[in-house]
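**Q** the following block contains a protein sequence and its predicted model.
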Amino acid sequence: MTISAYAATSSETPLEPFTFEHRELRNNDVAMEVLYCGVCHSDLHMARNDWGMTSYPLVPGHEIIGRVTAIGSDVTKYKIGDSVAVGCMVDSCQNCDQCHAGNEQYCRHEMTATYNSPDRQDGQITRGGYAKQLIAREEFVLRVPDGLDLSRAAPLLCAGITTYSPLRNWNVRQGTRVGIIGMGGLGHMAIKLAIGMGAEVTVISRSKRKEADALRLGAHKVLISTDESSMQAAANSFDLIIDTVPYTHNLDPYTPLLDIDGSLVMVGQIGPMEAQSSVPLIMGRRRVAGSLIGGIPETQEMLEFCAEKNILPDCEMIRMDQINEAFERLEKGDVHYRFVIDMASFNS
Ligand code: NAP
Ligand code: ZN
């Protein structure tokens, strides 16, 4: 099958139209027409080879909403015409303790990412949702619950689950004091999800620029991280902080904001961090932790949770050919609050 897509061909060049041959459908495969694909900051990191592991040409995209166009002979969960979704993974070993526990993202034999990963059977590099079609094995395809607006649901598949998972795993409930550092794609989802769980939510942003939006999205307070006296006044006031900042940064201004036994969970910067003082950790049994996306059962649960609570991202719809402009704006933090590519705009 020939698939039309957009690809990065090097770390310095803009994304451009690209076609590739996809494998034939396997017995457990679901083929879908991609309807919408969200634009994650990870797509930008990968296109620019920020993590030193990109193989070109790279077709990014791991926030995918699609409609089933064909199924393999063993597929039982989906039929042609179903609304489905794919997130950041398309395979894992399915055999280890983590896969059995529904934590496929922590597969002992490494998950297969939706793009830039070797396929477990034929070694071909996977390609993501900046494309007209996508094929994934049934176990990694999610059902889109009735009532969830397809045009806005795509960002739930990465920004949504990446913040839902730590909120759930740190037992956020009524009254939990949650701080969210960085109000971008992940951060704005974290606000909505934490509010949906009953938390008391504070956005920790670099300037007052996003304050009105943060309050509109349901945050109770906004703390400006560059305002030292406000930061000092906010010491010991959080049970959990989710850090979505995409670049290397210093955690020392943030760890004292945690109450005793509080945790700061890193989901943003994947890579080296600046040296950090152990004093706030030792003096308050505070923890710094990390979290990677979420497992398949948890992702399905998150989609149901969002459908039930009517939680959807704030999306800025773009055409496929606007992707390079979108990347530039993402780099500047100028997104309100997730770009979503309308694939109907891509007439290949
Ligand atoms: P985004 O939309 O660009 O949002 C990041 C936000 O961080 C910005 O809106 C900004 O918020 C703040 N920020 C940006 N630069 C900063 C800086 N130098 N210092 C302090 N704050 C800064 O990005 P995203 O799509 O949410 O992704 C965030 C990160 O998560 C990326 O690195 C991505 O690769 C990573 N990620 C991780 C996982 C995982 O599984 N752990 C999954 C998906 C993505 P303010 O303007 O409010 O300060
Ligand atoms: Zn992502």
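**A** Perfect, thanks for sending it. Numbering: from 1, shown residues only. Ligands and ions are numbered 1, 2, ... in the order given.
**Q** what is the burial count for the nearest residue to Ala344 once chain neighbours are set aside?
**A** Spatial nearest neighbour of Ala344, chain neighbours left out: Leu35 (7.3 Å); criterion: Cβ to Cβ, 6 or more residues apart in numbering. C-beta: built from backbone N, CA, C; applies to glycine. By the criterion of other Cβ atoms under 10 Å, Leu35 has 21 neighbours.
**Q** a strand runs through Leu35, doesn't it?
**A** Yes. Under DSSP: H, G, I helix; E, B strand; the rest coil, Leu35 sits within a strand.
**Q** next one, pLDDT for it please.
**A** Per-residue pLDDT puts Leu35 at 98.
**Q** also Ser348?
**A** 74.
**Q** unless I'm mixing things up, the residue nearest to Ala344 is touching Gly66, no?
**A** Yes. Applying Cβ atoms under 8 Å as the test, Leu35 and Gly66 come out as touching, 5.7 Å apart.
**Q** and the residue of the stretch 51-200 of the chain nearest ligand 1?
**A** With Cβ to the nearest ligand atom, the shortest gap between the stretch 51-200 of the chain and ligand 1 falls at Gly184, namely 1.7 Å.
**Q** what's the domain layout of this protein?
**A** Taking automatic domain parsing as the reference, the chain has its domains at 2-158+314-345, 160-290.
**Q** ok, which of these comes nearest Glu304?
**A** Of all the domains of the chain, the one in closest proximity to Glu304, counting by Cβ to Cβ, is domain 2-158+314-345 (5.5 Å).
**Q** which residues touch the closest residue to ligand 2 within the stretch 201-348 of the chain?
**A** Closest residue of the stretch 201-348 of the chain to ligand 2, Cβ to the ion: Ile293 (7.6 Å). The contact partners of Ile293, by Cβ atoms under 8 Å, 6 or more residues apart in numbering, come to 87-89, 105, 158, 161-162, 165, 299.
**Q** hmm, 7 Å instead?
**A** 87-88, 105, 158, 161-162, 165 (Cβ atoms under 7 Å, 6 or more residues apart in numbering).
**Q** now do the helices in the stretch 1-150 of the chain.
**A** Shown for the stretch 1-150 of the chain, the helices assigned by DSSP state H, counting those that start in this stretch span residues 41-47, 97-100, 150-153.
**Q** what parts of the chain come near ligand 1?
**A** Within the chain, the residues that sit near ligand 1 (Cβ under 6 Å from any ligand atom) are 40-42, 45, 158-159, 162, 182-187, 205-206, 210, 244-247, 249, 267-270, 291-293, 330, 333, 335.
**Q** select from the residues you listed every entry located in strands.
**A** Secondary structure assignment by DSSP state E places Ser205 of these in strands.
**Q** show me how to select, in ChimeraX, the buried members of the residues of the chain next to ligand 1.
**A** ChimeraX command restricting these to the buried ones, with burial defined by 16 or more other Cβ atoms under 10 Å:
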select :40,41,42,45,158,159,162,182,183,184,185,186,187,205,210,244,245,246,249,267,268,269,291,292,293,330,333,335
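**Q** about what we covered before: tabulate the domains of the chain (a markdown table), appending distance to Ala307.
**A** Compiled in a markdown table, those are given as follows (distance: least, Cβ to Cβ, whole Å):
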| stretch | distance to Ala307 |
| --- | --- |
| domain 2-158+314-345 | 4 |
| domain 160-290 | 11 |
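**Q** same list (the ones you listed) but as a markdown table, adding distance to ligand 2.
**A** Listed next are those as a markdown table, based on distance: least, Cβ to the ion, whole Å:
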| stretch | distance to ligand 2 |
| --- | --- |
| domain 2-158+314-345 | 3 |
| domain 160-290 | 7 |
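**Q** pLDDT at the most centrally placed residue in the chain, what is it?
**A** Centroid-nearest residue in the chain, with Cα atoms, centre = their mean: Cys158, separated by 2.3 Å. The per-residue pLDDT reported for Cys158 equals 98.
**Q** could you pull up the residues touching it?
**A** 38, 40, 62-63, 87-88, 293 are the contacts of Cys158 under Cβ under 7 Å, 6+ apart.
**Q** now with 8 Å?
**A** 38, 40, 42, 62-63, 87-88, 293.
**Q** starting at the chain centroid, how far to the longest helix seen in the chain?
**A** Criterion DSSP state H: the longest helix present in the chain is helix 296-309. What separates the centre of helix 296-309 from the centre of its chain is 14 Å, taken as Cα atoms, centre = their mean, to the nearest Å.
**Q** elements contacting that helix?
**A** Here helix 296-309 touches strand 142-143, helix 159-169, helix 185-196, going by 3 or more Cβ pairs under 8 Å, 6 or more residues apart in numbering; DSSP states H and E.
**Q** what about 10 Å?
**A** strand 83-86, strand 142-143, helix 150-153, helix 159-169, helix 185-196 (3 or more Cβ pairs under 10 Å, 6 or more residues apart in numbering; DSSP states H and E).
**Q** ok so, going back, distance of the residue of the stretch 201-348 of the chain closest to ligand 2 relative to Pro246?
**A** Look at Ile293 and Pro246: by Cβ to Cβ, to the nearest Å, they are 15 Å apart.
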